[in-house]
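Engineer: Quick one, fold the following:
(chains A and B)
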Number of protein chains: 2
Amino acid sequence: MENQNPAPSKELPKLLILRPPHIITLFENQFSDRFQLLKPWESPIPTDQFLDMYCTSIEAMLISGRTPVPAEILRRLPSLRFIATTSAGLNHIDLPECRRRGISVVNAGSEYSEDVADMAVVLLIDVLRRITAANRYVRAGVWPIKGDYPLGSKLAGKRVGIIGLGSIGLEVAKRLEAFGCSISYNSRKKKPSVPFTFYDNVCDLATNCDVIVLCCALTDQTRHMINKEVLLALGKEGVIINVARGPVIDEKELVRCLVEGEIAGAGLDVFENEPQVPEELRALDNVVLSPHRAVLTNESLWDLCQLMLGNLEAFFSNKPLLSLVVDE
Amino acid sequence: MENQNPAPSKELPKLLILRPPHIITLFENQFSDRFQLLKPWESPIPTDQFLDMYCTSIEAMLISGRTPVPAEILRRLPSLRFIATTSAGLNHIDLPECRRRGISVVNAGSEYSEDVADMAVVLLIDVLRRITAANRYVRAGVWPIKGDYPLGSKLAGKRVGIIGLGSIGLEVAKRLEAFGCSISYNSRKKKPSVPFTFYDNVCDLATNCDVIVLCCALTDQTRHMINKEVLLALGKEGVIINVARGPVIDEKELVRCLVEGEIAGAGLDVFENEPQVPEELRALDNVVLSPHRAVLTNESLWDLCQLMLGNLEAFFSNKPLLSLVVDE
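Structural biologist: Residues are numbered from 1 along each chain as shown, chains lettered A, B, ... in the order given. All right, here's what the predicted structure looks like:
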């Protein structure tokens, strides 16, 4: 849809977009109606020069979770006061530098929680019940030849440990309770309002669980949190689900444990070096691999677009931001 | 484990097993400790002759859902008074003839309900979120080459119509409510105790739903219940999940609708001519195919074994049967 009466673009506030997030690809007019979009990827000028040209007039930037914003970029933008990222995670942004500079950061808030939680649940049932493996079996036409496919494992009664009980973790817990799982969790702090058992140590959680579901942010504290020790504590019948970020798991160690049967299976939406997925992992039957699609569905994209527009308009009109990242 | 002090087998009540169900393969001693097992498949004598040899002394029979018990078999067993089937469905047994003869039939009761409901949910999320298709994409190594996989569709807010609101259907409803779906249903009769909208007509249900989940028994009334008219009523965005029996759907019509985009996708655990699955279906990206594994997990098999033993012991000691099929 073309805007019938576009205001002259010079009157619109400037919005830097380093690389186009999905919502720009799909709903660009929603943004270009309200902002003057600065799009270095469409310019013949190299990005650095492009930024230098506009640097004093750029106050706001819209990025996706795939656009790193290191201190180096921030230094090029001395007037920057606002970053909107379409991701829930923030590990691509130099947050300490933003804090130092007083740059406000908004993210997708809990916009993704339901979709991510659904993905965690489907990956878990898939691993336990061998859905994608059995689907391969049927598609290959071997069911009539080799007969019954091996049985899977029951979800009810499984002890599930959720790491990171934020809005995603809580949605995962709500769903898995309906399946008869018992829930415990690890997070930075014990949450007084939830009825689940808290473990302040990830290894203890793994020892007492059949399944670990990773829903935490990637931080210096959580990087490679799932290491050899935790995987061995989870044990030979254990299953790990990752809908958080790839580097929360020591992927090399995970692959070794899966290959050697030290754990039973894994459902992974994220990987250490996306889109690269280790070849050994791709050959295993006891893993389900998803190309980082937990976070979004077609339905959520529109809601996300509206949230980002709301945040941007609030910023430019000095109103309270809708999904401000609280200093952690 | 060998029984240390087996009672002389002639003292044990006879139990005919036409073909071995899973629980016999796995837990035969549990049964052979208590019953004299008649196993025609292990005998060099043809089955008909085998049955004729024992016909006057066979009062009880244990079968799986894959062993047809037509009137012809029942006629060969004039003393038969009890059939235990390890299935939930009963369409393999000539029930009217059983009723006429006063043969009691017990089934798996609600032993499978949780496992089947889990399968229905995982198939639905899989189709909506394209899990097995995206898993193929990652395994084939094309993610780094072709980039982002297309987004799927959100589960929350979907209008799900359950056909057959027995113990399985109710477990499906319980789970899908936790995902934010709205539930309606069709069954033989409106259930006064449930809060979901009832449709007495399957086409009306399909018209008002995004998803149909089949949880009903296969009967003369439900055979090919899902026909062209219902599929067109479900529509181009519609998804169908079948954890009931293959012939509830007109499979040829389903394949045509899937190929031509008349419906959006399907998750199928059952097929019209198992283990044969139409080649066209196996080539489609918008279907998830499971080799009739909804019904069982390793964990449920032991529970099922105990239920069957309990029923058999109740029968032979004239006590109330545990999972008697009530005449419908």
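Engineer: Relative to its centre, which residue of chain A is most distant?
Structural biologist: Ranking residues of chain A by C-alpha distance from their mean position (Cα atoms, centre = their mean) puts A:Ile145 at the top, at 41.1 Å.
Engineer: Show the backbone phi and psi for that one.
Structural biologist: Here the main-chain torsion angles of A:Ile145 (degrees, to the nearest 10) amount to phi -90, psi -50.
Engineer: Ok, A:Gly265 next?
Structural biologist: Residue torsions, per degrees, to the nearest 10, at A:Gly265 are phi -180, psi 170.
Engineer: Check the gap between it and B:Glu177 for me.
Structural biologist: Using Cβ to Cβ, to the nearest Å, one obtains 28 Å as the distance from A:Gly265 to B:Glu177. Just so you know, the C-beta spots here come from the backbone N, C-alpha and C atoms, and that holds for glycine as well.
Engineer: got the buried residues for the longest helix anywhere in chain A?
Structural biologist: With secondary structure taken from DSSP state H, chain A has its longest helix at helix A:298-316. Residues of helix A:298-316 classed as buried by neighbour count (16 or more other Cβ atoms under 10 Å in any protein chain shown): A:299-301, A:304-305, A:307-312, A:314-316.
Engineer: show me which of those residues neighbour chain B.
Structural biologist: Among these, the ones lying near chain B by Cβ under 8 Å from any Cβ of the partner chain are A:Glu299, A:Ser300, A:Leu301.
Engineer: Need those in JSON lines (columns: distance to A:Ser64).
Structural biologist: As requested, these are arranged in JSON lines below (distance: Cβ to Cβ, whole Å):
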{"residue": "A:Glu299", "distance to A:Ser64": "18"}
{"residue": "A:Ser300", "distance to A:Ser64": "14"}
{"residue": "A:Leu301", "distance to A:Ser64": "12"}
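Engineer: and which of these is nearest to B:Cys216?
Structural biologist: If you rank those by distance to B:Cys216 using Cβ to Cβ, A:Glu299 comes first, at 29.2 Å.
Engineer: about what we covered before: of A:Gly265 and B:Glu177, who's got more company?
Structural biologist: A:Gly265 (24 against 15; other Cβ atoms under 10 Å in any protein chain shown).
Engineer: partners of that one in the sheet?
Structural biologist: Under DSSP bridges, the beta-bridge partners of A:Gly265 are A:Val239.
Engineer: Show me the helices in the stretch 51-200 of chain A, by range?
Structural biologist: A:71-76, A:95-101, A:113-129, A:131-139, A:143-146, A:167-178 (DSSP state H, counting those that start in this stretch).
Engineer: Need the winner for burial among these.
Structural biologist: Between these, the one whose residues have the most neighbours on average, counting mean count of other Cβ atoms under 10 Å in any protein chain shown, is helix A:113-129 (a mean of 27).
Engineer: list the helices and strands it packs on?
Structural biologist: Counting contacts by 3 or more Cβ pairs under 8 Å, 6 or more residues apart in numbering or on different chains; DSSP states H and E, the secondary-structure elements packed against helix A:113-129 are helix A:167-178, strand A:211-214, strand A:239-242, strand A:265-268, strand A:287-289, helix B:113-129, helix B:131-139.
Engineer: tilt between it and helix A:131-139?
Structural biologist: Using axes from the mean of the first three to the mean of the last three Cα atoms, to 10 degrees, the inter-axis angle of helix A:113-129 relative to helix A:131-139 is 60 degrees.
Engineer: Show me how far helix A:113-129 is from its chain's centre.
Structural biologist: Offset of helix A:113-129 from its chain centre (Cα atoms, centre = their mean, to the nearest Å): 14 Å.
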